[in-house]
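# This is the structure alone, sequence omitted:
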């Protein structure tokens, strides 16, 4: 790709980004791309404050939300490198008082809590809890039904992921936030990144978080969430340039750009190794998600969402490419923007997708009926599938979308220019996996007991 072609592609990317911002009411966004051993693209778009109209720059600080999970996973790998912990140790080796309801605690490992595969469903969110030990007491007393055995199902679970923070505290004798600041942020040289909300006004050039109100058609200012113990999975506030310094650790086999070794090369590989399937082509690793074969390369990434935050960060290890996208509006397609930037850097069509579901057009009469119902979890996630003959709709987050069926257990819909996939789960023996499009025999009309939507497993409630 010539210099002129590269410039043209980035101009096209900016046109796409600006249109995406208009379509999705995004006040401000920042993008950085790393390749060839340096930051090749960094730019701010829109405003960090809709009142003052102060512009976003690459140095502007945003929340990164669940991109923070990879930071915690990296800290855990430091402890693995120091032989203080093993990924296959039971969690109770370090948190003996943990007694998850319905789970065989001897089989819930550190690897499980780093990969959202413990078998626990999403829990009631308790941001008022500030001590990790107290969160264990909450989990022990919470009422829920286990999804399955450890490693059997993927379901995003902030409450079990934060247990990594308690392990860090107990093994190092330091508060989680202090350990992370010294051994991760400061060690890498991320000087405009912090877990501490009190530091933000002192840093300056900080974005204001917003959510878009569908009823009023207005952006509404949001307070920075204090998070409590959930800072373990979502507490980093950063900027796209600092995130490129973070990306260098992965691309340089564990060594930061300043020469500090953060983790071993073996630990980088462990963080990027698939643990459990999350979609047709995607997997969750340790604090990172992956599409292992994307046009012959590997996508490693993680997204994040909080009130007033949508983010995506990741890298392509084989090519030495990384990108970060940060926005100051919740619930917008940062992941789609990120992939478009990665596609430009890879020389691929900008609209190339991670995976594309195709509609199963020859659906038997009445087949959709089994999916109808409401699915929800204690964390607040909820979808309702409404079926009318051969058509189906999904109601979620106050909106309704047309649902299409891809195969016996998978449906999808379009939202914000992306395919949103819903995977349904049936009890063993109630159907034969994959028999739909191929026309093999179907058994019974059992309704699904759960649906994986938006990375959370939601149990059928009606």
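Done, it's in. Here the structure is a predicted model, which is why all the values come from computation and not from measurement.
# Can you show me the strands along the stretch 251-400 of the chain?
Along the stretch 251-400 of the chain, the stretches classed as strands by DSSP state E, counting those that start in this stretch are 276-277, 283-284, 289-294, 297-306, 309-316, 321-327, 373-376, 382-388, 391-396, 399-407.
# Summarise which helices and strands the first one is packed against.
Which is strand 276-277. For strand 276-277, the packing partners by 3 or more C-beta pairs under 8 Å, 6 or more residues apart in numbering; DSSP states H and E come out as strand 283-284. C-betas here are computed from N, CA, C, even on glycine.
# Can you spell out which helices and strands pack onto the strand it packs on?
With contacts defined as 3+ C-beta pairs under 8 Å, 6+ apart, strand 283-284 has these neighbours: strand 276-277, strand 289-294.
# what about the nearest residue to residue 406 once chain neighbours are set aside, neighbour count?
Leaving aside its sequence neighbours, residue 406 sits nearest to residue 357 (C-beta to C-beta, 6 or more residues apart in numbering; 4.4 Å). Per other C-beta atoms under 10 Å, the neighbour tally for residue 357 reads 19.
# Also residue 455?
Neighbour count of residue 455, defined by other C-beta under 10 Å: 18.
# just residue 189 next, same as before
16.
# who's in contact with it?
By C-beta atoms under 8 Å, 6 or more residues apart in numbering, residue 189 lies in contact with 245, 256, 257, 258, 260.
# Emit the ChimeraX select command for whichever of those are buried.
Applied in ChimeraX, the following selects the buried portion of the contacts of residue 189 according to 16 or more other C-beta atoms under 10 Å:
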select :245,256,257
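# quick check, nearest of the contacts of residue 189 to residue 212?
Using C-beta to C-beta, residue 245 comes nearest to residue 212 of the contacts of residue 189, at 31.1 Å.
# My assumption is that the closest one lies in a helix; please confirm.
Yes: using DSSP: H, G, I helix; E, B strand; the rest coil, the assignment for residue 245 is a helix.
# hang on, it packs against residue 257?
Yes: applying C-beta atoms under 8 Å as the test, residue 245 and residue 257 come out as touching, 5.7 Å apart.
# Can you pull the residues that touch both of the two?
188, 189.
# And the closest residue to residue 37 other than its chain neighbours, its phi and psi?
Leaving aside its sequence neighbours, residue 37 sits nearest to residue 320 (C-beta to C-beta, 6+ apart; 7.0 Å). When read as degrees, to the nearest 10, the backbone of residue 320 gives phi 60, psi 30.
# need the contact list for residue 156.
Contact analysis of residue 156 by C-beta under 8 Å, 6+ apart lists 116, 122, 455, 456.
# What is the nearest of the residues you listed to residue 313?
Of all the contacts of residue 156, residue 455 has the smallest distance to residue 313: 16.1 Å, by C-beta to C-beta.
# if you skip the residues just before and after it, what's nearest to the closest one?
Counting by C-beta to C-beta, 6+ apart, residue 455 lies nearest to residue 156, which is 4.1 Å off, once chain neighbours are set aside.
# So the one you found versus residue 414, what's the distance?
Remark: distance between residue 156 and residue 414 (C-beta to C-beta, to the nearest Å) = 22 Å.
# ok, now residue 280?
17 Å.
# More neighbours: the two, which one.
More neighbours surround residue 280 than the other of residue 280 and residue 414, with 15 against 12 (other C-beta under 10 Å).
# Near the closest residue to the more buried one other than its chain neighbours, how many other residues are there?
Leaving aside its chain neighbours, residue 280 sits nearest to residue 355 (5.3 Å; criterion: C-beta to C-beta, 6+ apart). As a burial measure, residue 355 scores 12 neighbours (other C-beta under 10 Å).
# so residue 355 touches residue 282, yeah?
Yes: Residue 355 is in contact with residue 282 according to C-beta under 8 Å; the separation is 6.9 Å.
# which neighbours do those two share?
Common contacts of residue 355 and residue 282, defined by C-beta under 8 Å, 6+ apart, comprise residue 291.
# Enumerate every residue touching the residue nearest the centre of the chain.
Residue closest to the mean C-alpha point of the chain, counted by C-alpha atoms, centre = their mean, is residue 303 at 3.7 Å. Contact partners of residue 303, counting by C-beta under 8 Å, 6+ apart, are 65, 66, 67, 289, 310, 311, 312, 313, 334, 335, 338.
# And the furthest pair within these?
Of all pairs in these, the most separated under C-beta to C-beta is 289 and 310 at 15.6 Å.
# Break the chain into its domains for me.
For the chain, the structural domains run 1-354, 367-460, going by automatic domain parsing.
# Switch these over to a markdown table; also include mean pLDDT and distance to residue 361.
A markdown table is the format used below for the domains of the chain (pLDDT from 0 to 100; distance: least, C-beta to C-beta, whole Å):
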| stretch | mean pLDDT | distance to residue 361 |
| --- | --- | --- |
| domain 1-354 | 96 | 18 |
| domain 367-460 | 85 | 9 |
